[in-house]
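Participant: curious how this folds, go ahead:
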Amino acid sequence: MKLEQQLLERYGVLMDLDDVAGLMKIKRQSVYQQIYRGEMNLPHIKEGKKYLFPSSSVAQYLEGLMSTPN
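Facilitator: Next up, the predicted model:
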């Protein structure tokens, strides 16, 4: 099963900041800071103080990280 399908089944169409942090196994604040600094190029919707991330975009972002050598 593809990562995108797994995320859609588990989280639905949109993931929140806690979902992304949990998936990446980093602190919620770290995700927020990386987005704020422009270090995490992950498409998102800001609804008031809440960040929402399309599950398909999260899957593409993570697949890109896995295929990029450091």
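
Participant: where's Lys46, which helix or strand?
Facilitator: Element membership for Lys46 (DSSP states H and E) is strand 45-47.

Participant: how about residues contacting that strand?
Facilitator: 14, 51-54 (C-beta atoms under 8 Å, 6 or more residues apart in numbering). Where C-beta positions appear, they are placed from N, C-alpha and C, glycine not excepted.

Participant: can you list the strands that the helix or strand just after that strand pairs with?
Facilitator: Of the helices and strands lying after strand 45-47 in sequence (DSSP H and E), the nearest is strand 50-54. Partner strands and pairing direction for strand 50-54 (DSSP bridges) are strand 14-16 (antiparallel), strand 45-47 (antiparallel).

Participant: among those, which is nearest Arg28?
Facilitator: strand 14-16 (9.5 Å; C-beta to C-beta).

Participant: show me the shaky parts of the chain.
Facilitator: 1, 68-70 (pLDDT under 70).

Participant: do you have the helices of it handy? List them.
Facilitator: 3-11, 17-24, 28-37, 55-67 (DSSP state H).

Participant: give me the number of residues near the closest residue to Ser56 other than its chain neighbours?
Facilitator: Excluding its sequence neighbours, the residue lying closest to Ser56 (C-beta to C-beta, 6 or more residues apart in numbering) is Glu4, at 5.3 Å. Burial measure for Glu4: 16 neighbouring residues, criterion other C-beta atoms under 10 Å.
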